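Q: build me a model:
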Amino acid sequence: MEPRPLLEPELIDKAKLGDKLAFKQLYQLHHQRVYALCLRITGQVSLAEEATQDCFVRLWQKLPQFRGESQFTTWLHSLSVNQALSSLKKHRSFWSRFVSSDTDVESISDEYEDLDKILLKLPERARIVFVLHALEGYKHQEVGQLMGIAAGTSKAQYHRAQKLLEALIDQGQVDIGGRNE
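A: Numbers count the residues shown, from 1 in each chain. Next up, the predicted model:
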């Protein structure tokens, strides 16, 4: 008889004590969602991969601080957002404000591929605000605190992102909701 698989809380407790196999299982459970979030925030596959790796290194370091006062996924999500924003700041001088349309998005899951393709065409700040507010559910005040901008600036960038997205969709550059490229 095979032993039953460990539940997430058991994996967390074991990983906190330094169990690398338990941590590997946590990684396997969560790395795709962390990567997708990092990609949407950073706008580049290479930065998303780096931010994802950094996030899990940071998770290994900070896991003993997790007390279970919130859900693990909520805590990991916050860690991921902060890590993606840190990676962006660290590499800001190495990337342009717009990503070319031939960006490698092969590794993105099919469910989000069209949305991610169009998001990658947005200017950096508008994209980050849109992702954090519209997709991840942060309030403008929270987005402002994360990014070091005023809540009003977050609202303005969100409005800008909406208008740019509408224009890109109207131009037929991306197939969303049955529209063709």
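Q: least trustworthy helix or strand in this protein by mean pLDDT?
A: When the helices and strands of the chain are scored by mean pLDDT, DSSP states H and E, helix 110-119 comes last with a mean of 62.
Q: distance from stretch 35-44 to the middle of the chain?
A: 5 Å (C-alpha atoms, centre = their mean, to the nearest Å).
Q: let me fix that, I meant to ask about stretch 46-57.
A: Offset of stretch 46-57 from its chain centre (C-alpha atoms, centre = their mean): 10 Å.
Q: list the buried residues of it.
A: Going by neighbour count (16 or more other C-beta atoms under 10 Å), the buried part of stretch 46-57 is 47, 48, 49, 50, 51, 52, 53, 54, 55, 56. Yep, even glycine has a C-beta here, placed from its N, CA and C like the rest.
Q: got the contact list for that stretch?
A: Stretch 46-57 has contacts (C-beta atoms under 8 Å, 6 or more residues apart in numbering) with 27, 31, 34-35, 38-39, 41-42, 76, 79-80, 83-84, 86-88, 91, 95.
Q: for the lengthiest helix in the chain, buried residues please.
A: When the chain is parsed with DSSP state H, its longest helix is helix 20-42. Judged by neighbour count (16+ other C-beta under 10 Å), helix 20-42 contains these buried residues: 22-23, 25-27, 30, 34-42.
Q: residues near the residue lying closest to residue 142 once chain neighbours are set aside, how many?
A: Nearest residue to residue 142, sequence neighbours excluded (C-beta to C-beta, 6 or more residues apart in numbering): residue 132, at 7.7 Å. The number of residues packed near residue 132 is 26, by other C-beta atoms under 10 Å.
Q: shouldn't residue 132 be in contact with residue 138?
A: Yes: contact criterion C-beta atoms under 8 Å: residue 132 and residue 138 qualify, at 4.5 Å.
Q: for those two, list the residues in contact with both.
A: Counting by C-beta under 8 Å, 6+ apart, the residues touching both residue 132 and residue 138 are residue 146.
Q: that older thread, contact partners for the residue nearest to residue 142?
A: 41, 81, 138, 142, 143, 146, 147.
Q: surely the third one touches residue 146?
A: Spelled out, that is residue 138. Yes: counting by C-beta under 8 Å, residue 138 touches residue 146, with 7.2 Å between them.
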